[in-house]
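*Asks:* sharing a model that was predicted from the sequence below.
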Amino acid sequence: MTTHPDPVRETPEVAPVEPRAAADVPPAAPAAGSAPADWAAGVDTVPRAGGTPGELQPYAELGLRDDEYERIRDILGRRPTQAELAMYSIMWSEHCSYKSSKVHLRQFGEKAPPSDRLLAGIGENAGVVRVSDELAVTFKVESHNHPSFVEPYQGAATGVGGIVRDILAMGARPVAVMDPLRFGAADHPDTARVLPGVVAGIGGYGNCLGLPNIGGEVVFDPCYQGNPLVNALCLGVLPVNRLQSKAAAGPGNIVVLMGAKTGRDGIGGVSVLASATFDEGSEERRPSVQVGDPFMEKLLIEACLELYDAELVVGIQDLGGAGLTCALTETAAAAGTGMRVWLERVPLREPSMEPHEILASESQERMLLVVEPEKLDAVLKTAEKWGVWATAIGEVTPPAPDGQPGRLVITWRDHLVVDVPPGSLVDDGPVYARPMREPADLILLQADRAETLPRPADPEALRETVLRMVASPNLADKTWVTEQYDRYVLGNTVLAQPEDSGVIRIDERTGLGVALSVDGNGRYARLDPYHGTKLALAEAYRNVVVTGAKPIAVTNCLNFGSPEDPGVMWQFAEAVRGLADGCAELGIPVTGGNVSFYNQTGAAAIHPTPVVGVLGVLDDVANRVPMGFVPRPNGDHDQLFLL
Amino acid sequence: MPRVVVDVMLKPEILDPQGQAVANALPRIGVSDVASVRIGRRIEIEFTGEPDLDRAREIADKLLANPVIEDFTVRLVEADETADARS
Amino acid sequence: MPRVVVDVMLKPEILDPQGQAVANALPRIGVSDVASVRIGRRIEIEFTGEPDLDRAREIADKLLANPVIEDFTVRLVEADETADARS
Amino acid sequence: MTARVGVVTFPGSLDDGDAARAVRIAGAEPVRLWHGDPALHGVDAVVLPGGFSYGDYLRCGAIARFAPVMETIVDAARGGLPVLGICNGFQILCEAHLLPGALTRNQHLHFRNRDQFLRIESVGTAWTNTFQPGQEVLIPVKNGEGCYVADPATLDQLEAEGRVVARYIGGNPNGSQRDIAAITNSAGNVVGIMPHPEHAVEELTGPSLDGLGFFTSVLKHLVGAPA
Ligand SMILES: Nc1ncnc2c1ncn2[C@@H]1O[C@H](COP(=O)(O)OP(=O)(O)O)[C@@H](O)[C@H]1O
């Protein structure tokens, strides 16, 4: 692992286009000529796309609707190239564009109480709240449900890796993780495959990164049999003035890709875009499973923190679900700038990768940096010190002279393969107000009240009931899981399992700390998504309060079935309304979160499962209140109250 | 008695952090002419009776390899051959 | 280009809990004629030039195997041979 | 003059900050050492902390052993420098042949983190001289490959020479032979321990303060040692 000594200006063999060209005459045409109608070295170029408007493109297979595809053609004034089509299909997917949830999630902002603590809110990689004059914390929970069903170990491991990079991108040092989990029936054979793999994956990655696991949930319910929920939360701490931005500001600044090499991880989705020259048997070469390398991530964390402290980066963004596509477009769109990228400079694990594959790859453990040219050497040196790759792959270009945002121009071996307005991928995606209808069975479900259940009538029946409850997997001891997680590392864990909240000391001098709890109850939410979500919030809030902390911020992961099902959409809308109302009543803001739709096997969706995380502050963790009774000196006794 | 050896390797396109870590360590012990290192598992199965390749393939498929990310091969090896070759 | 394969196995007298776990799981998938399972590592080394067995042996000795608990063997394998045999 | 205790950071070290904190709480000055720098910067003792050096992908400690700083440490340890290897550090000391035997995969195949009782068996080392013989201490254990193995002759020799420093009591968390949790070299200056004394030095964050004894021991040792 060495640093790639390849600053943008010194790659003679590719003779790149003058970077300015992109801005002066958008859309830029590359110097290199490509015969319009021919495949240029196996790739679909912008000139070629201009010359072959009628060429059929597999947009439907990529999940784009007819009208969405038409919009892309409108935006570009031509058909998209293969690489562009891949980019739009990813960025306009439900996962990246929040196209079904956006109209509802607005409430979090609209109903939020004013907060002078909020340094970064929804829309950033993670929300950041100030906890003292000098320090801020950032936290967020995210799902990695489907990958964890396909390959439990790697799916869960890369779920942890992903959320950790989100936190890192804000300028924070990650300091703890939590993992709310949902599995199918405890005695189902597939649970025996999924659960141990997920737990080992979360432990394997988190332990290897040196992040204490300070809490989570393990819930069993048959509704999760084909759709286990693997949510991961990460907490980070930063000095207030180290907050990082994702904006690719400053034309002339260098775009650097740092971390692991890029391989064909997670590109299953765009594999229909095989080029004309692509050979037989290509399917096998397109794994959609991402494999994590926590060791690389640990090095990446240390390298990034060193870069922040030396003030060597202007902007930074993690590479997550949509890989380079998302990172390039979001950083440029956030600044209104353009970007010029030489794609062949991306270090590849497999040399045969094509432009659309490089852009779509979800290879783990990568970050995108924006660096002033005179600081590039120092950045590369830091990367080298920590043994991670860092490669200059492009340059920030100015907005258009008329003030319009710049364009993202990408070449691959001299061929112009992408020329798009970055904002069109990030902000101008489709937004749907999907039909909603209360599920028809809800009235029946609600009518079937607990009062109708048989009650234990005698001591023997009561004993039976108690034993059955004690033995039920949802109430049983979770040590088998929590023992596989390191809760001591970093030496700041004040409370972890079996406590109601995790408590982490974040300042050794003052004792300042935070408490965190994540909770959710899919059964309550199924019966009444509005109140079920409020209850999840209330539970997490209570769990934080009982440690002695003052709750100040909320994160959430909304796990639902298909948004195309009006019943699910109704559940979702109700849940969001419940959370927004609950937060307004409690006076704390939602600072971030994640939506996971399509947790569905055939027509059967999981219970709506909003998972809510609440973060509170303790001015001195020495005053935390643990769950158990603490023996008092000189025989004093605690007094018990039931509120 | 011959035994069955199952070799399980990550599919070529899957990231192999183990192999990479070893490859990166080689220069430190003075080795610079290695292009790549891949690390997998070698599983030796001894049967109570005749070694059974089909049976071994079934075990590999169900239990030893993770078909999502790994490939495997199954072959017969003379017991003494392996032992002798050990250095 | 042929590559070098280093097989690293726990010494016979060292307990192999992984192998044991697999052996114990076999009856559950209907296999009852396996006497023992041992799990080790298979390391494939590709050299930039000609494969070098002595060099590989040196790497194995220094880095890949721990002589306190492990034995290793080093051998040359044709690249395509391995690939073909993959099921 | 306060003693200076070096704490090595390898790529992938995780408990280096904790070890430095423990050194500080014990009253010494922690000095951070870097794997790529062979210089020991005049430290009086060295801690190899826990973690996953180089990812520990091949065998725990196998790669860290070749770090430039280790060459110096191996020589200095042979010359009497007190060295404590915790968890991954223990694995590195075995790989570097400063300690006999090896640490293998936990017998139950899982990573296990729990509060563990140990019995201090030898107080004659640089790192355990403030304990009482037979003292029982409570210290977190957390490892995936902490099962200590050695051939019977080596184990017998360790027992005979009083070089088993600590044993697991109240349950063996990883299947270590003869419940061994910590051992020392024949000079008593190099100790490898699987559980984490650096996680038991503060009331707020540890299950006990028992870990502190390891760090105060080395200070006592240094005071008594000829300069
Ligand atoms: N997946 C998990 N990861 C980490 N900690 C967990 C996990 N599941 C449960 N825990 C922790 O174990 C303890 C007990 O959990 P649980 O039995 O669900 O308690 P409660 O019902 O009070 O939430 C809590 O401290 C909880 O945070």
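*Replies:* Looks like it arrived, so ask away.

*Asks:* give the closest residue to residue D:161 in space, chain neighbours not counted.
*Replies:* Take residue D:161 and drop its neighbours on the chain: the residue closest to it by CB to CB, 6 or more residues apart in numbering or on different chains is residue D:186, 6.3 Å away. Quick note: C-beta positions are derived from backbone N, CA and C, even for glycine.

*Asks:* the one you found: neighbour count?
*Replies:* Neighbours of residue D:186 under the rule other CB atoms under 10 Å in any protein chain shown: 12.

*Asks:* that one reaches residue D:163, doesn't it?
*Replies:* Yes. The pair residue D:186 / residue D:163 is scored as a contact, 6.8 Å apart, by CB atoms under 8 Å.

*Asks:* identify the bridge partners of the closest residue to the ligand within chain A.
*Replies:* For chain A and the ligand, the shortest gap (CB to the nearest ligand atom) falls at residue A:216, measuring 2.6 Å. When bridges are called by DSSP bridges, residue A:216 pairs up with residue A:179.

*Asks:* next, the buried residues of the helix or strand residue D:220 falls within.
*Replies:* Following DSSP states H and E, one finds residue D:220 within helix D:212-224. Going by neighbour count (16 or more other CB atoms under 10 Å in any protein chain shown), the buried part of helix D:212-224 is D:212, D:213, D:214, D:215, D:216, D:217, D:218, D:219, D:221, D:222.

*Asks:* thinking again about what came up before, tell me which residues touch the residue of chain A closest to the ligand, please.
*Replies:* Going by CB atoms under 8 Å, 6 or more residues apart in numbering or on different chains, residue A:216 touches A:178, A:179, A:180, A:181, A:233, A:481, A:518.

*Asks:* if you set the cut-off to 10 Å instead, what comes out?
*Replies:* Counting by CB atoms under 10 Å, 6 or more residues apart in numbering or on different chains, residue A:216 touches A:177-181, A:199, A:202, A:231-233, A:478, A:481-482, A:485, A:497, A:502, A:517-518, A:611.

*Asks:* out of those residues, which sit inside helices?
*Replies:* In helices, defined here by DSSP state H, the members of the contacts of residue A:216 are A:199, A:202, A:481, A:482.

*Asks:* distance to residue A:140, neighbour count and pLDDT added to the residues you listed, as a markdown table?
*Replies:* What follows is the ones in helices among the contacts of residue A:216, written out as a markdown table (distance: CB to CB, whole Å; neighbours: other CB atoms under 10 Å in any protein chain shown; pLDDT from 0 to 100):
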| residue | distance to residue A:140 | neighbour count | pLDDT |
| --- | --- | --- | --- |
| A:199 | 21 | 27 | 98 |
| A:202 | 16 | 30 | 98 |
| A:481 | 22 | 21 | 97 |
| A:482 | 22 | 22 | 97 |
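
*Asks:* what's the most distant pair in those?
*Replies:* For those, the farthest-apart pair by CB to CB is A:202 and A:482; their separation is 10.8 Å.

*Asks:* what's the end-to-end length of stretch A:258-267?
*Replies:* For stretch A:258-267, the first-to-last residue distance is 20 Å (CA to CA, to the nearest Å).

*Asks:* hmm, it in reach of chain C?
*Replies:* No. Shown here: stretch A:258-267 not in contact with chain C (CB under 10 Å from any CB of the partner chain), separated by at least 16.7 Å.

*Asks:* quick one: the strands in chain B?
*Replies:* For chain B, the strands defined by DSSP state E occupy B:3-10, B:34-47, B:70-77.

*Asks:* hey, which of the ones you listed is tucked in deepest?
*Replies:* Counting by mean count of other CB atoms under 10 Å in any protein chain shown, strand B:3-10 has the highest mean neighbour count of the strands of chain B, with a mean of 22.

*Asks:* what's the closest residue to residue A:348 other than its chain neighbours in contact with, if anything?
*Replies:* Spatial nearest neighbour of residue A:348, excluding adjacent residues (CB to CB, 6+ apart): residue A:262 at 5.4 Å. For residue A:262, the contact set (CB under 10 Å, 6+ apart) comprises A:319, A:323-324, A:343, A:346-350, A:353, A:357-359, A:361-363, A:366, A:389.

*Asks:* and the helix or strand containing residue A:446, how far from the chain's centre?
*Replies:* Taking DSSP H and E as the definition, residue A:446 sits inside helix A:442-447. Centroid separation for helix A:442-447 versus its chain: 35 Å, with CA atoms, centre = their mean, to the nearest Å.

*Asks:* mind listing what's buried in it?
*Replies:* Buried-residue list, helix A:442-447, by 16+ other CB under 10 Å: residue A:442.

*Asks:* and if you look at stretch D:199-209?
*Replies:* D:199, D:200, D:201, D:202, D:204, D:205, D:206, D:207, D:208.

*Asks:* can you list the low-confidence ranges for chain B?
*Replies:* B:79-87 (pLDDT under 70).

*Asks:* could you redo the last one with a cut-off of 80?
*Replies:* Applying pLDDT under 80 to chain B picks out residues B:1-2, B:78-87.

*Asks:* other SSEs contacting the helix of greatest length in it?
*Replies:* Determined from DSSP H, the single longest helix within chain B is helix B:17-25. Applying 3 or more CB pairs under 10 Å, 6 or more residues apart in numbering or on different chains; DSSP states H and E, we find helix B:17-25 packed against helix A:294-309, strand B:3-10, strand B:34-47, strand C:34-47.

*Asks:* is the longest one in proximity to chain B?
*Replies:* Yes. Helix A:294-309 lies in contact with chain B when judged by CB under 10 Å from any CB; the contacting residues are A:294, A:295, A:296.

*Asks:* what degree of burial does the last one show, as a neighbour count?
*Replies:* Read it as residue A:296. Look at residue A:296: counted by other CB under 10 Å, it has 28 neighbours.

*Asks:* which strand or helix spans the residue nearest to residue D:113 when sequence neighbours are not counted?
*Replies:* Among residues not flanking residue D:113 along the chain, residue D:142 sits closest, at 3.9 Å (CB to CB, 6+ apart). Assessed by DSSP H and E, residue D:142 sits inside strand D:136-143.

*Asks:* one more: residue A:617?
*Replies:* Take DSSP H and E as the rule and residue A:617 turns out to sit in strand A:609-618.

*Asks:* again, but for residue A:161
*Replies:* Assigned by DSSP H and E, residue A:161 belongs to helix A:152-169.

*Asks:* gap between that helix and the chain center?
*Replies:* On CA atoms, centre = their mean, the centre of helix A:152-169 falls 8 Å from the chain's centre.

*Asks:* try stretch B:59-70
*Replies:* For stretch B:59-70, the separation from the chain centroid amounts to 12 Å (computed by CA atoms, centre = their mean).

*Asks:* can it be found next to chain C?
*Replies:* Yes. Shown here: stretch B:59-70 in contact with chain C (CB under 10 Å from any CB) through B:59, B:60, B:61, B:62, B:63, B:64, B:65, B:70.

*Asks:* is it possible to get JSON lines of the residues you listed that adds distance to the ligand?
*Replies:* What follows is those, written out as JSON lines (distance: CB to the nearest ligand atom, whole Å):
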{"residue": "B:59", "distance to the ligand": "32"}
{"residue": "B:60", "distance to the ligand": "32"}
{"residue": "B:61", "distance to the ligand": "31"}
{"residue": "B:62", "distance to the ligand": "28"}
{"residue": "B:63", "distance to the ligand": "26"}
{"residue": "B:64", "distance to the ligand": "28"}
{"residue": "B:65", "distance to the ligand": "28"}
{"residue": "B:70", "distance to the ligand": "27"}
